[in-house]
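Visitor: Pasted the sequence and its predicted model underneath.
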Amino acid sequence: MRNSSLFLRSGLTVAAASALPFALAAGPAAAVSGISVSTTGSTVSVTTSACTNVNGSWGTASLLNSSQANFAQGRQVSLSGTASLQSAAWAGVSPGTYTVIVVCSNGSTAGTQSVIVTAPRVSATASPSRGVMGGMGGGSKDYGTMTLVAGGALVGTGVLAAAAWAMRRRSKPYRL
């Protein structure tokens with residue numbers, strides 16, 4: 001019983017290994033779909049050469065998030081371009097997994113492909129080359145006499161309170 005289980009597992013491994021070259025020769029699914037999708041930051045773009053111009057339109061591309069099920073629910077953009085290459089782009093796309101679908105103006109689907117938009121990395125910036133841009137701050141404003149008297153009274157009250165606290169603390173006997 002033990003040997004037959006070992007032979008069964010090794011037979012499955014050999015079968016999978018022999019099928020691998022055929023799977024790799026088939027190529028990626030994106031090449032079969034007829035569209036190419038790429039992301040740069042929060043912008044998703046799609047290109048294709050499968051569509052033809054019908055009545056001044058190349059077709060429409062739709063960007064679907066994970067909760068959207070069909071073409072009409074996605075963010076739709078008209079394709080633009082030439083006879084050899086058509087493209088569309090979406091800006092301000094938030095991070096997540098999306099599906100891009102391109103439908104040509106003749107009604108045929110050029111392709112469907114998934115894309116993952118990642119959050120942009122925040123990097124530290126260099127310090128200013130001219131140093132800190134210091135200034136007068138709030139000191140350049142001309143305050144009235146009443147404001148200066150009120151501020152002086154607050155500072156004086158704070159000084160008196162600190163002195164009273166220090167004297168009171170000093171008079172207490174030292175305890176462990």
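Guide: Happy to help now that I have it.
Visitor: quick one: pLDDT of A69?
Guide: With respect to pLDDT, A69 has a value of 87.
Visitor: How about S66?
Guide: 89.
Visitor: In this structure, where is pLDDT below threshold?
Guide: Low-confidence segments of the chain (pLDDT under 70): 1-32, 125-142, 171-176.
Visitor: quick one: the helices in it?
Guide: Under the criterion DSSP state H, the chain contains helices at 2-25, 29-33, 145-171.
Visitor: ok, now which ones touch V102?
Guide: Neighbour list for V102: 34-35, 46, 48, 50-51, 59-62, 79, 88, 109-112 [criterion: Cβ atoms under 8 Å, 6 or more residues apart in numbering]. Backbone N, C-alpha and C define where each C-beta goes, glycine included.
Visitor: Leaving out chain neighbours, which residue sits closest to it?
Guide: Leaving aside its sequence neighbours, V102 sits nearest to A110 (Cβ to Cβ, 6 or more residues apart in numbering; 4.1 Å).
Visitor: Tell me how many other residues crowd N106.
Guide: If you count neighbours by other Cβ atoms under 10 Å, N106 ends up with 12.
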